[in-house]
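1. structure, please.
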Amino acid sequence: MSNPPSEPQDAETLKAKLEALKSEHRDLDEVIDRLVEKPPFDQLQLQRLKKRKLGLKDQILRLESQLIPDIIA
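-> Predicted coordinates for the structure are as follows:
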């Protein structure tokens, strides 16, 4: 009995993580929108949420680049 190649499972794991990050990113978007709709709002909290959202965006881009094979032009 041979083991299946590890790469497809790794890709599936990355895709699952990517979806989770995208979902959290969308959720943060909604939280930020709701926060700024009702002044006065906590500027520090807003900055933290935006920073977290930016960090998620970086992680998403990194994972997407790992999933997309390099194309040699």
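2. please enumerate the helices of this structure.
-> Counting by DSSP state H, the chain has helices at residues 6-37, 43-67.
3. dump those helices to CSV, plus mean pLDDT.
-> Below are the helices of the chain laid out as CSV (pLDDT from 0 to 100):
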stretch, mean pLDDT
helix 6-37, 89
helix 43-67, 94
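4. got TSV for those, with mean neighbour count too?
-> Placement of C-beta: from N, CA and C, glycine included. Putting the helices of the chain into TSV (neighbours: other Cβ atoms under 10 Å) gives the following:
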stretch	mean neighbour count
helix 6-37	12
helix 43-67	13
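5. what's near enough to touch Lys53?
-> Applying Cβ atoms under 8 Å, 6 or more residues apart in numbering to Lys53 gives the contacts 25, 28-29, 32.
6. do that again at 6 Å, thanks
-> Neighbouring residues of Lys53 by Cβ atoms under 6 Å, 6 or more residues apart in numbering: Leu28.
7. distance of it relative to Gln47?
-> Noted for Lys53: a distance of 11 Å to Gln47, by Cβ to Cβ, to the nearest Å.
8. do Glu12 as well
-> For Glu12, the distance to Gln47 - Cβ to Cβ - is 35 Å.
9. same question, Ile32
-> Applying Cβ to Cβ, the value for Ile32 to Gln47 is 10 Å.
10. which one is Asp42 nearest to, not counting chain neighbours?
-> Using Cβ to Cβ, 6 or more residues apart in numbering and skipping the chain neighbours, the partner closest in space to Asp42 is Leu35 (7.6 Å).
11. spatially central residue in this protein, please.
-> The chain has Leu21 as the residue nearest its centroid, 3.1 Å off, counting by Cα atoms, centre = their mean.
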